[in-house]
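What shape does this take:
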Amino acid sequence: MGSKGNKRHQKRLATPGHLQIRRKDRSAGKFFLKSSAGPHPKNFCLPLGHVLRDLLKITNNSKESKFIVNKNGVIIDGVSRKDLHFPIGLMDVIELPEINKAYRILASKKHGLMISEITKEESKFKLCRINNITTIKGGIQQLNLHDGRNILVKKSKKKENIYKTRGTLKISIPNQEIMDYFKFEENVQGMIYRGAHTGISGKISKLTKRFGVNASLAQITTASGEINTSYDYVFVIGKNDPVIDLPMEE
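Sure thing, here's the model as predicted:
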């Protein structure tokens, strides 16, 4: 009889494509780091140990990575993390105090996710997409964000509520104070983070509302042309210009 529950290990051959590893490299071993349960989906995140060893190449093996995290050497969204299996996902900010560097996880055309170095000033905030809004006791709105966060805001009685689903919050980390809000609408900056056009960014030039699953379309205008994608595949990253640095992929 097979064992019940989720397996704690993961074979290299079964790893998702965004992990950017050589699956058939026998010298690297049969198994690979598996992301633990956390704020991001397991099929769209990067284990902390993988980031340190394989992507940033700061360490050579898991033993060295463990030594760094145990010394509070890795800060994720303003919080020290010591689990090499901790999942790091879209828009998360990674800080390495020992070498005075910071990085942000962005959508990538090639791999789905990529790591981009950012300035110290930019590491003080992150962008969070509003996936859902619920009302709890006392008429307080709970904003359910893409990275598992829940932010409470008072519901306005006199005017229309400011926050809408698919909009983006610019929040400080780790305090989670709302610094700015970008509505999901036409003529704002957006980035496609899912689907066939993942990693492409530009101005949302047109929104077409339709009925049906993923039927509503957002038109993204880029320097090379126009792309149509689902509403739910777009992440607003600014109003007139992106508020985060978007590096050019090779």
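
and the residue nearest the centre of the chain, what does it touch?
In the chain, the centroid-proximal residue (Cα atoms, centre = their mean) is Leu90; its distance is 1.0 Å. When contacts are counted by Cβ atoms under 8 Å, 6 or more residues apart in numbering, Leu90 touches 40, 44, 105-107, 113, 146-147, 193, 235. Quick note: C-beta positions are derived from backbone N, CA and C, even for glycine.

where's it relative to Arg166, distance?
Distance, Leu90 to Arg166, using Cβ to Cβ, to the nearest Å: 15 Å.

could you say what helices and strands the longest strand belonging to the chain packs with?
Longest strand in the chain, counting residues (DSSP state E): strand 125-136. The contact analysis (3 or more Cβ pairs under 8 Å, 6 or more residues apart in numbering; DSSP states H and E) places strand 125-136 against strand 140-145, strand 168-172, strand 234-238.

Narrow the contacts of Leu90 to those in strands?
Residues of the contacts of Leu90 located in strands (DSSP E): 105-107, 113, 235.

domains in this structure, as residue ranges please.
For the chain, the domain assignment from automatic domain parsing gives the residue ranges 10-120, 124-182, 189-238.

For the chain, which helix or strand comes out least confident on mean pLDDT?
strand 31-32 (a mean of 58; mean pLDDT, DSSP states H and E).

got the contacts of Leu90 as CSV, with neighbour count, pLDDT and distance to Arg129 columns?
Converted to CSV, those look like this (neighbours: other Cβ atoms under 10 Å; pLDDT from 0 to 100; distance: Cβ to Cβ, whole Å):
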residue, neighbour count, pLDDT, distance to Arg129
His40, 22, 87, 12
Phe44, 18, 85, 13
Ile105, 22, 94, 13
Leu106, 24, 95, 13
Ala107, 25, 91, 12
Leu113, 26, 88, 15
His146, 21, 95, 4
Asp147, 20, 94, 8
Tyr193, 26, 94, 8
Phe235, 24, 97, 5
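
Low-confidence regions, the protein specifically.
For the chain, the stretches with pLDDT under 70 are 1-33, 156-160, 249-250.

and the next element down the chain from the lengthiest helix in the chain?
In the chain, assigned by DSSP state H, the helix with the most residues is helix 62-70. For helix 62-70, the following helix or strand on the C-terminal side (DSSP states H and E) is strand 75-76.

strands paired with that following strand, and their directions?
strand 79-80 (antiparallel), strand 93-96 (antiparallel) (DSSP bridges).

who's in contact with the longest one?
Right, strand 93-96. 51, 58, 73-78, 88, 101-105, 115, 118, 123, 126, 173.

Tally up the residues packed near Gly225, please.
Other residues within reach of Gly225, judged by other Cβ atoms under 10 Å, total 8.

Who is it paired with across the strands?
Taking DSSP bridges as the rule, Gly225 bridges to Thr222.

Next, find the distance separating it from Ala37.
Separation of Gly225 from Ala37 (Cβ to Cβ): 40 Å.

ditto for Ser116
Using Cβ to Cβ, Ser116 is found at 26 Å from Ala37.

okay, these two: which has more neighbours?
A direct count of neighbours by other Cβ under 10 Å for Ser116 and Ala37 places Ser116 higher, at 16 against 10.

Confirm that one sits in a strand?
Yes: Ser116 forms part of a strand when assessed by DSSP: H, G, I helix; E, B strand; the rest coil.
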